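A.B. asks: coords below, sequence missing:
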């Protein structure tokens, strides 16, 4: 009877471990993703200009570590892509092209796993990359691909602040100011994102500044 009880206890313990392990792994992933997301907001909106490149260099390493641990999680790939694309923008010039290419690779990998992850953010970020990176022969920029990804992002998340902001920016840059202003207005009215107050505040400031510029082009 004692041996039987021990076997039952071990079986119960094994079952408990099998039940709790996935939950613990999910908690660990969620915490890691939040850490990258929140650090990006601070680096992008609260860090002095002369310190931003170093901040994003460190954050790129942190984001890469998360994707190394969770290579099949689209959310991790998206955030590494966002960090790398922002890092490229901060560095600027031809030296930024390597980071931009890495960002594109991460975002394309995320799309292959789940294009709707994080409300279609891979499409939003890819569209922005294609819009802002120079075209051939210097880079891989393409207005056609930019429009396609940004429109798909809006199909997935029509009321999203980022999807509307970046499509509005694209339209204003393409000489379609009236249509761009409509999307900027939707972006400004987008519902707040819990836990992303710093990012929302910074993005709304960008929306207001772009709205002013876009109106001058009417």
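C.D. replies: Sure, I can see it. Worth saying up front: this structure is predicted, and the values here are computed from it rather than measured. Numbers count the residues shown, from 1 in each chain.
A.B. asks: where does the chain dip in pLDDT?
C.D. replies: For the chain, the stretches flagged by pLDDT under 70 are 1-25.
A.B. asks: per-domain residue ranges of it.
C.D. replies: 33-152, 158-218 (automatic domain parsing).
A.B. asks: end to end, how far does the shortest one reach?
C.D. replies: So the one you mean is domain 158-218. In domain 158-218, first residue to last residue: 24 Å (C-alpha to C-alpha, to the nearest Å).
A.B. asks: next one: that domain to chain centre, how far?
C.D. replies: 16 Å (C-alpha atoms, centre = their mean, to the nearest Å).
A.B. asks: cool, and stretch 31-42?
C.D. replies: Relative to its chain's centre, stretch 31-42 lies at 11 Å (C-alpha atoms, centre = their mean).
A.B. asks: For residue 86, give its distance to residue 198.
C.D. replies: For residue 86, the distance to residue 198 (C-beta to C-beta, to the nearest Å) stands at 14 Å. C-beta coordinates here come from the backbone N, C-alpha and C atoms, glycine included.
A.B. asks: For these two, indicate the residue with more neighbours.
C.D. replies: residue 86 (21 against 16; other C-beta atoms under 10 Å).
A.B. asks: Against residue 217, how distant is the more buried one?
C.D. replies: Residue 86 sits 26 Å away from residue 217, going by C-beta to C-beta.
A.B. asks: Ok, residue 87 next?
C.D. replies: For residue 87, the distance to residue 217 - C-beta to C-beta - is 29 Å.
A.B. asks: Looking at those two, which is more packed in?
C.D. replies: Using other C-beta under 10 Å, the more surrounded residue of residue 87 and residue 217 is residue 87, with 24 against 13.
A.B. asks: Now that one. Nearest residue, chain neighbours left out?
C.D. replies: Closest residue to residue 87 apart from its sequence neighbours, by C-beta to C-beta, 6 or more residues apart in numbering: residue 56 at 4.0 Å.
A.B. asks: ok so, going back, distance to residue 27 for the domains of the chain - can I get that in JSON lines?
C.D. replies: Below are those laid out as JSON lines (distance: least, C-beta to C-beta, whole Å):
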{"stretch": "domain 33-152", "distance to residue 27": "11"}
{"stretch": "domain 158-218", "distance to residue 27": "15"}
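A.B. asks: Which among the ones you listed is found nearest to residue 26?
C.D. replies: Closest of the domains of the chain to residue 26 is domain 33-152, at 10.1 Å (criterion: C-beta to C-beta).
A.B. asks: can you give me how far that closest one is from the chain middle?
C.D. replies: Using C-alpha atoms, centre = their mean, the offset of domain 33-152 from its chain centre is 6 Å.
A.B. asks: which stretches of the protein form helices?
C.D. replies: Per DSSP state H, the chain has helices spanning 2-45, 52-69, 74-91, 97-113, 121-132, 143-156, 161-173, 177-188, 197-215. These are given in chain order.
A.B. asks: which parts of the fourth one are buried?
C.D. replies: Within helix 97-113, the residues that qualify as buried by neighbour count (16 or more other C-beta atoms under 10 Å) are 97, 99-100, 102-104, 106-107, 109-111.
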